[in-house]
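[1] Sequence and computational prediction follow.
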Amino acid sequence: MMSTLRNVALWLERRLHLTKLWEQTAGHPVPASSGSWFYTFGSMTPTCFAIQILTGIFLAMSYVPSAAESYHSLELLNYSIPLGWVLRGIHFW
């Protein structure tokens, strides 16, 4: 099992270069003088935007944009789809 996971990880690394990407973006040490909220705004904004896009895509799969069916699709999302209410809440906030 572990060798299979290791092979999958090495396959992904060879194609996507995730280690190099991590080192160039998030793997650098943060200086103590810049460890503030203003330092995180550069990465926080795209992260929030990506969350909005992903949750919006999943919500669009179950939402019906018509006056007669919109409330029914929201009830379906909140009560029938597993964790649909969580997805809607994440997208809202």
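    Alright, I've got the coordinates. Nothing here was measured: the structure is a model prediction, and the numbers come from that model.

[2] only C-alpha atoms for contact and neighbour calcs from this point on.
    Fine.

[3] So for stretch 53-71, mean pLDDT?
    The predicted model gives stretch 53-71 an average pLDDT of 86.

[4] Quick one: list the elements packing against the top helix by length along the chain.
    The longest helix of the chain (DSSP state H) is helix 37-60. Under the contact criterion of 3 or more CA pairs under 8 Å, 6 or more residues apart in numbering; DSSP states H and E, helix 37-60 touches helix 84-92.

[5] now the helix it packs on: how far from the chain's centre is it?
    Put simply, helix 84-92 sits 12 Å off its chain's centre (CA atoms, centre = their mean, to the nearest Å).

[6] and that helix, which residues are buried?
    Across helix 84-92, burial judged by 16 or more other CA atoms under 10 Å covers 84, 85, 87, 88, 91.

[7] contact partners of that helix?
    Residues outside helix 84-92 that contact it (CA atoms under 8 Å, 6 or more residues apart in numbering): 51, 52, 55, 56, 59, 77, 78, 79.

[8] run the last query once more with 6 Å
    52, 55, 77, 78 (CA atoms under 6 Å, 6 or more residues apart in numbering).
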